[in-house]
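K.L.:
generate a structure from the sequence data that follows.
(chains A and B)
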Amino acid sequence: MPDTTVRDTAPQDGAYNYAYLDEQTKRMIRRAILKAVAVPGYQVPFGGREMPLPYGWGTGGIQVTAAIIGREDTLKVIDQGADDTTNAVSIRRFFARVADVATTTHTEEATIIQTRHRVPETPLTDGQILVFQVPIPEPLRMLEPRETETRTLHALSEYGVMQVSLYESIARHGRIAKTYNYPVLVNGRYIMSPSPIPKFDNPKLDRSPALQLYGAGREKRIYAVPPYTPVKSLDFDDHPFEIETWSESCALCGSTESFLDEMIVDDTGKRLFVCSDTDYCESRR
Amino acid sequence: MSAPLLSVRDVGKRFGGRVACRDVNFDLWPGEVLGIVGESGSGKTTLLNCLAGRLVPDSGSVAYETRSAGSVDVHRLSEARRRLLARTEWGFVNQDAREGLRMGVSAGANIGERLMAVGARHYGEIRGQAIDWMARVEIDADRVDDRPTTYSGGMRQRLQIARNLVSKPRLVFMDEPTGGLDVSVQARLLDLLRGLVEGLHLSVVLVTHDLGVARLLTHRLMVMQGGTVVEQGLTDQVLDDPQHPYTQMLVSSILPV
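P.N.:
Residues are numbered from 1 along each chain as shown, chains lettered A, B, ... in the order given. As a prediction, this is how the structure comes out:
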């Protein structure tokens, strides 16, 4: 693993601390991360700070990234797979400014990849860290509104209710209709929300060589999946987990293996399918 | 039948200075239906919640004879064991079916929840069992994918019973299961309950204020007033030859039809 310790913590332009957050906050977040890594899938509360962007734009992910980033790191930020959306560009520029790090759009070059809604198509490698921005960390929230109760359910591994929601989906739609934020069982113990990534990306989480860190800013929770940890998508024996498939291929690079976005390109309703992962797509053209 | 299923000793519960129930003693044997009657506010429901592990009594003990692990003190168990017990060996039927059901998911999911909670992972089998149980409680099988919100009050109550019985419990707590239903629906539900209790050899603790329900369903009766048990005995005995003044008043206040 590359050394991500912060060697020089001196403020660089007099106005901000290194990587924006003060050192005490970063220590607190690192403690939460260590605990999260030690208990895969368990949601660790942390004292989330106000960040210079609204909740829902990646405050959790940014705090995690700020706590682990060092000068030698190379950062990549993606939003829905794309490197060039407003959110991705601003977060990348933010860290280039406050942490003085190199940034990249190439998955292979990055040591830290902060992501919203996607896992890159290019397989991740040892030493890379994937930081997810998480809106709702509690996978049972829509089934059980009480926080005290969901914590008890996690503590006692009482996950019948999660299965009930999948049952209901089959009863109503004939199949498990959940396509994103598809619940997973981490290391055979905790049920975890993989953040709103498409279920297409769920298999990439399983035994991934990269460390996965999940930060929820509004809910102030951090959880993690250490490298090579089993991550199983929930399903039924007679309705096994399946990922999305497309009959088309990417209009730009011709890929048949990546996650495709459908776009309507003119007023007559002409459709185009393109890779959602822009870096992957460009590298193939 | 070597040991009682439930052994209740000196159970008492107070809320602040107010005594909800005190010095309650009884044994419940396998296959027995015990009725708890009394006016509202007499501590029936509090007692039931204490027995079912939902409230912690201030004094006394509740011992339950488990299937495999012998006798356990319900309130000394770890929370995990108690909850496991509650969803495998016990059932709890609420007066208001909305409290006992998940109103947002289909009837099939409601019945299947306990199965899935203990590890069932085959959709077809779970649904098959749900349909089987719907037939047993006389609900049309084609309503299996409908939500309980579309059910009538009587159907909801029967669904709640099916949801509890699917895990083959030995002991079911019922809190006014026929309350709030009209009389013809009540009669059918009572009929159904009687059949299920006999067929499955269930033990039941039934709280009710309706002496008619008590006479039809229960073998033994406990009469409560102001938190204490004033009289207990065989149902026929208590109802036909009440000894305590309060019981006499209760029995005589049934409106003749």
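
K.L.:
could you use CA atoms for every contact and neighbour count after this?
P.N.:
Fine.

K.L.:
now do the phi/psi pair for the residue in the stretch 1-150 of chain A positioned nearest to chain B.
P.N.:
Residue of the stretch 1-150 of chain A nearest chain B, by C-alpha to the nearest C-alpha: A:Leu143 (9.1 Å). A:Leu143 has phi and psi values of phi -100, psi -30 when expressed as degrees, to the nearest 10.

K.L.:
grab the nearest non-local neighbour of the residue in chain B that chain A sits nearest to.
P.N.:
Distances between chain B and chain A by C-alpha to the nearest C-alpha are smallest at B:Ala117, namely 3.8 Å. Of all residues not flanking B:Ala117 in the chain, A:Gly160 sits nearest, at 3.8 Å (C-alpha to C-alpha, 6 or more residues apart in numbering or on different chains).

K.L.:
isn't that neighbour right up against B:Ile111?
P.N.:
No: using C-alpha atoms under 8 Å, A:Gly160 makes no contact with B:Ile111, being 11.8 Å away.

K.L.:
circling back to that earlier point, can you give me the neighbour number for the residue of chain B closest to chain A?
P.N.:
B:Ala117: 20 surrounding residues under other C-alpha atoms under 10 Å in any protein chain shown.

K.L.:
go on, A:Asn181?
P.N.:
Using other C-alpha under 10 Å, A:Asn181 is surrounded by 21 other residues.

K.L.:
now do the contacts for the residue nearest to it when sequence neighbours are not counted.
P.N.:
Leaving aside its chain neighbours, A:Asn181 sits nearest to A:Pro196 (4.2 Å; criterion: C-alpha to C-alpha, 6+ apart). Applying C-alpha atoms under 8 Å, 6 or more residues apart in numbering or on different chains, we find A:Pro196 in contact with A:Arg116, A:His117, A:Arg118, A:Val134, A:Tyr180, A:Asn181, A:Tyr182.

K.L.:
quick one: which of those residues has the most company?
P.N.:
Ranking these using other C-alpha under 10 Å puts A:Val134 first, with 33 neighbours.

K.L.:
is it true that that residue touches A:Gly60?
P.N.:
Yes: with contact defined as C-alpha under 8 Å, A:Val134 counts as touching A:Gly60 (6.9 Å).

K.L.:
what do the two both touch?
P.N.:
The contact sets of A:Val134 and A:Gly60 overlap at A:Tyr214, A:Gly215, A:Ala216, A:Gly217 (C-alpha under 8 Å, 6+ apart).

K.L.:
could you list which of the contacts of A:Pro196 belong to strands?
P.N.:
Among the contacts of A:Pro196, the members found in strands (DSSP state E) are A:Arg116.

K.L.:
for the residue of chain B closest to chain A, give me phi and psi.
P.N.:
phi -70, psi -30.

K.L.:
what separation do you get for it and A:Val164?
P.N.:
As judged by C-alpha to C-alpha, to the nearest Å, B:Ala117 and A:Val164 stand 9 Å apart.

K.L.:
same deal with B:Gly16?
P.N.:
As judged by C-alpha to C-alpha, B:Gly16 and A:Val164 stand 39 Å apart.

K.L.:
what about the two, which has more around it?
P.N.:
Taking other C-alpha under 10 Å, B:Gly16 and A:Val164 do not tie; A:Val164 has more neighbours (25 against 7).

K.L.:
which secondary structure element contains the more buried one?
P.N.:
Element membership for A:Val164, per DSSP states H and E: helix A:160-173.

K.L.:
just the C-alpha atoms of that helix, please, in CSV.
P.N.:
The C-alpha coordinates for helix A:160-173 follow below in CSV (Å, rounded to 0.1, in the frame of the first residue of the first chain):
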residue,chain,number,x,y,z
GLY,A,160,-35.6,-11.0,8.1
VAL,A,161,-37.1,-7.7,7.3
MET,A,162,-34.6,-7.0,4.5
GLN,A,163,-35.5,-10.3,2.9
VAL,A,164,-39.2,-9.3,3.3
SER,A,165,-38.5,-6.3,1.1
LEU,A,166,-37.0,-8.5,-1.6
TYR,A,167,-39.9,-10.9,-1.3
GLU,A,168,-42.3,-8.0,-1.8
SER,A,169,-40.4,-6.9,-4.9
ILE,A,170,-40.8,-10.3,-6.5
ALA,A,171,-44.5,-10.5,-5.4
ARG,A,172,-45.2,-7.2,-7.1
HIS,A,173,-42.9,-7.2,-10.1
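
K.L.:
in that helix, what's buried?
P.N.:
Under the neighbour-count criterion of 16 or more other C-alpha atoms under 10 Å in any protein chain shown, helix A:160-173 has A:Gly160, A:Val161, A:Met162, A:Gln163, A:Val164, A:Ser165, A:Leu166, A:Tyr167, A:Glu168, A:Ser169, A:Ile170, A:Ala171 buried.

K.L.:
and the helix or strand that that helix is followed by, what does it pack against?
P.N.:
Counting by DSSP H and E, the next helix or strand C-terminal to helix A:160-173 is strand A:184-186. Counting contacts by 3 or more C-alpha pairs under 8 Å, 6 or more residues apart in numbering or on different chains; DSSP states H and E, strand A:184-186 packs against strand A:190-192, strand A:231-233.

K.L.:
which residues does strand A:184-186 contact?
P.N.:
With C-alpha under 8 Å, 6+ apart, strand A:184-186 has contacts from A:40-41, A:191-194, A:225, A:229-234.

K.L.:
where along chain B do the strands fall?
P.N.:
Under DSSP E, chain B gives strands at B:6-15, B:18-28, B:33-38, B:59-65, B:71-73, B:90-93, B:171-175, B:203-207, B:220-225, B:228-234.

K.L.:
would you tell me which one of those is buried the most?
P.N.:
By mean neighbour count, with neighbours taken as mean count of other C-alpha atoms under 10 Å in any protein chain shown, strand B:33-38 ranks first of the strands of chain B at a mean of 27.
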